[in-house]
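In: sequence first, then the predicted structure, then my questions.
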Amino acid sequence: MVEPARLRDALPTLALHRRVLGEGRWFLTHESEFATTVEERELQIKAPMASDEQIFLVARAQGHRVAGFLFVTTGPLRRMRGTGRVQLMVDHRLRSRGLGKALMSACVEWAEASPLHKLGLSVFADNDRAIKLYERFGFSIEARREREYVEDDGSFRDDLLMCRFL
């Protein structure tokens, strides 16, 4: 079940965010660098209520617990308003069950009716599963940033910028 986030989802989405970052593989932010507070998350959930250019969705699993979330934000400047930045996270224990697909489907449906002209996101170039999901929803690679990030072991990772025009 996918629905707009509610204020009561602030703490569960923060806990899920930390768990996903704790995997240490698929997001730029390390778990130890994540500093979003409950109050800040509540503001992220409230922002779409005042804007038709942003959304915060949650996917609920059995027992109505938050199993994934997706949010779209725009930049603070007027010239940035037409492009929504997508961020998606799904609990690792519940992946491959259609939650990411359901969240992306709801996101694209919402975006098509919004004033946005473009959705964009950033994904590690070796995250094949996520790339395939985004491509299924009409995203294409806009740019590849080679050796953009340095891992703790000194190895490099490329970053892909993907977008979907609306």
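Out: All right, it came through fine.
In: what residue lies at the spatial centre of this protein?
Out: Central residue of the chain (CA atoms, centre = their mean): Gln87, 1.4 Å from the mean position.
In: wait, is that one part of a strand?
Out: Yes. Going by DSSP: H, G, I helix; E, B strand; the rest coil, the assignment for Gln87 places it inside a strand.
In: how about it: what's its closest non-neighbour residue?
Out: Spatial nearest neighbour of Gln87, chain neighbours left out: Phe71 (5.6 Å); criterion: CB to CB, 6 or more residues apart in numbering. Placement of C-beta: from N, CA and C, glycine included.
In: I'd say the one you found and Ser51 touch.
Out: No. Applying CB atoms under 8 Å, one finds Phe71 not in contact with Ser51, separated by 11.9 Å.
In: quick one, which of those two is more surrounded?
Out: For Phe71 versus Ser51, neighbours defined as other CB atoms under 10 Å are more numerous around Phe71 (24 against 14).
In: and that one, what is it in contact with?
Out: For Phe71, the residues meeting the contact criterion (CB atoms under 8 Å, 6 or more residues apart in numbering) are Ala5, Gln44, Pro48, Gln54, Ile55, Phe56, Leu57, Val86, Gln87.
In: make a markdown table from those residues and add distance to Ser105 and secondary structure to it.
Out: A markdown table is the format used below for these (distance: CB to CB, whole Å; DSSP: H, G, I helix; E, B strand; the rest coil):
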| residue | distance to Ser105 | secondary structure |
| --- | --- | --- |
| Ala5 | 17 | coil |
| Gln44 | 21 | helix |
| Pro48 | 17 | helix |
| Gln54 | 18 | coil |
| Ile55 | 13 | strand |
| Phe56 | 16 | strand |
| Leu57 | 10 | strand |
| Val86 | 13 | strand |
| Gln87 | 16 | strand |
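In: what's the farthest-apart pair in those residues?
Out: The largest separation in these, counting by CB to CB, is between Ala5 and Val86 at 14.7 Å.
In: could you pull out the strands for the protein?
Out: Secondary structure of the chain, counting by DSSP state E: strands at 2-4, 55-60, 66-73, 83-90, 118-124, 140-150, 156-165.
In: sounds good, over and out.
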